[in-house]
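Asks: Following is a predicted model, sequence given first.
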Amino acid sequence: MVGTTQLETVPEPKYWQLKTVLSEALDSEFTVGEILPNERDLAARFGVARATLRQALEQLELEGRLQRRRGVGTTVAPPRMGVPVGTAQHVWPGAAGDTWQPVDSALTVPAVSVAAALETGRDEAVHTVRRSRVSHGQPVAAELLYVPVASVPDLSAIDAPSGAARARAVLRELQRLELEGQDRAVELGSARADDAKELDRLPGAPVLVVTTRFFAQGRTAALSVATYRADTCRLTFGDTGGVEIHHGSERQAS
């Protein structure tokens with residue numbers, strides 16, 4: 001056949017055809033968080049070998065349609081959450097509308113790379129605020145926000161000594177500064193052991209690492225390192241600055 005490459009004549013793999021059928025079934029028969037039947041029952045229903053079924057399920061997991069949860073099984077994944085990059089809107093962490101949840105805060109000596117970005121001494125402790133992001137009741141992102149002591153000089157240890165209250169106090173004091181700008185970088189990474197535990201993933205699972213520098217008083221006033229589950233998040237480009245969570249035909253900006 002003239003104009004037809006050899007690649008175009010290759011038939012579609014059976015597992016790929018099954019993936020399409022399964023995807024349609026997920027849309028019409030299952031809800032977010034619902035546990036799928038076991039592999040034996042699914043293979044019998046669709047008349048395929050279990051090996052073919054596993055390939056289709058693995059592909060759907062890669063595409064973010066399914067999640068394999070330890071001790072639970074294979075569940076229908078929530079819609080992917082948008083991670084904005086290139087936004088024109090600059091706001092401090094913890095500002096109105098921020099959907100991150102403060103977990104705790106402590107004075108720690110950060111990694112050398114973080115200290116270099118903050119232009120602090122290598123052995124200088126900074127406020128390390130830990131926050132989490134949840135969607136449909138499942139953790140989708142974890143953040144470490146590094147704030148030099150010089151950025152929040154009026155912070156009192158008496159008012160909020162520890163925990164989430166301490167984290168909120170750091171964020172509140174940080175917002176007293178006039179934000180001059182921010183920049184953001186995104187890279188694909190692998191979940192470290194602590195990130196994996198917090199995100200309910202296995203160590204080494206793919207993640208999106210978003211690093212944001214916040215500028216005030218002519219210097220880096222804070223540095224955020226947010227780790228997103230790659231199977232539940234996608235990059236979005238725009239000027240709104242809001243993270244968009246898509247629920248079918250609905251769209252919620254947050």
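Replies: Perfect, thanks for sending it.
Asks: which ones are touching residue 204?
Replies: Listed by Cβ atoms under 8 Å, 6 or more residues apart in numbering, the contact set of residue 204 reads 190, 191, 196. In this view, the C-beta of every residue, glycine as well, is placed from N, C-alpha and C.
Asks: please redo it, this time with the cut-off set to 7 Å
Replies: Residues in contact with residue 204 (Cβ atoms under 7 Å, 6 or more residues apart in numbering) are 190, 191.
Asks: go on, the one 4 residues further on?
Replies: Applying Cβ under 7 Å, 6+ apart, one finds that residue 208 lies in contact with 83, 186, 188, 228, 230, 233.
Asks: For the last one, name its beta-bridge partners.
Replies: So that's residue 233. residue 81 (DSSP bridges).
Asks: likewise the second one?
Replies: On DSSP bridges, the residues paired with residue 186 through beta bridges are residue 210.
Asks: With the fourth one instead?
Replies: Taking DSSP bridges as the rule, residue 228 bridges to residue 141, residue 208.
Asks: my guess is it meets residue 143, correct?
Replies: No: Residue 228 lies out of contact with residue 143 (Cβ atoms under 7 Å); the separation is 9.3 Å.
Asks: So for the two, which sits in the more crowded spot?
Replies: residue 228 (26 against 21; other Cβ atoms under 10 Å).
Asks: Distance check, the more buried one against residue 116.
Replies: Computed as Cβ to Cβ, to the nearest Å, the residue 228 to residue 116 distance reads 24 Å.
Asks: before we move on, the earlier item: dump the contacts of residue 208 into CSV; add distance to residue 61 and pLDDT as well.
Replies: As requested, those are exported to CSV (distance: Cβ to Cβ, whole Å; pLDDT from 0 to 100):
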residue, distance to residue 61, pLDDT
83, 19, 67
186, 22, 85
188, 17, 82
228, 16, 89
230, 11, 83
233, 14, 78
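Asks: Produce a PyMOL select command limited to the buried residues of these.
Replies: Burial among the contacts of residue 208 is assessed by 16 or more other Cβ atoms under 10 Å; the matching PyMOL selection reads:
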select buried, resi 83+186+228+230+233
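Asks: ok, the contacts of residue 208 vs residue 135, which is closest?
Replies: Distances from residue 135 to the contacts of residue 208, taken as Cβ to Cβ, are shortest for residue 233 (9.3 Å).
Asks: Was I right to think that closest one contacts residue 77?
Replies: No: using Cβ under 7 Å, residue 233 makes no contact with residue 77, being 11.0 Å away.
Asks: shared neighbours, the two?
Replies: Contacts common to residue 233 and residue 77, judged by Cβ under 7 Å, 6+ apart, are absent.
Asks: What about residue 102? Give its phi and psi, please.
Replies: For residue 102, the backbone dihedrals (degrees, to the nearest 10) come out as phi -60, psi 140.
Asks: what does residue 16 give?
Replies: Dihedral angles phi and psi of residue 16 (degrees, to the nearest 10) take the values phi -70, psi -40.
Asks: Now do residue 36: how many residues are near it, please.
Replies: Burial measure for residue 36: 19 neighbouring residues, criterion other Cβ under 10 Å.
Asks: now residue 16
Replies: Look at residue 16: counted by other Cβ under 10 Å, it has 13 neighbours.
Asks: likewise residue 205?
Replies: So residue 205, with other Cβ under 10 Å, has 16 neighbours.
Asks: Look up how far residue 57 lies from the residue nearest the centre of the chain.
Replies: Taking Cα atoms, centre = their mean, the centroid of the chain lies closest to residue 228, which sits 1.9 Å from it. Distance, residue 228 to residue 57, using Cβ to Cβ: 23 Å.
Asks: Which one of the contacts of residue 208 is nearest to residue 129?
Replies: Taking Cβ to Cβ as the measure, residue 129 lies nearest residue 228 of the contacts of residue 208, at 17.3 Å.
Asks: Show the contacting residues for that closest one.
Replies: So residue 228 contacts 83, 140, 141, 207, 208, 210 (Cβ under 7 Å, 6+ apart).
Asks: now residue 110
Replies: Shown in contact with residue 110 (Cβ under 7 Å, 6+ apart): 126, 128, 146.
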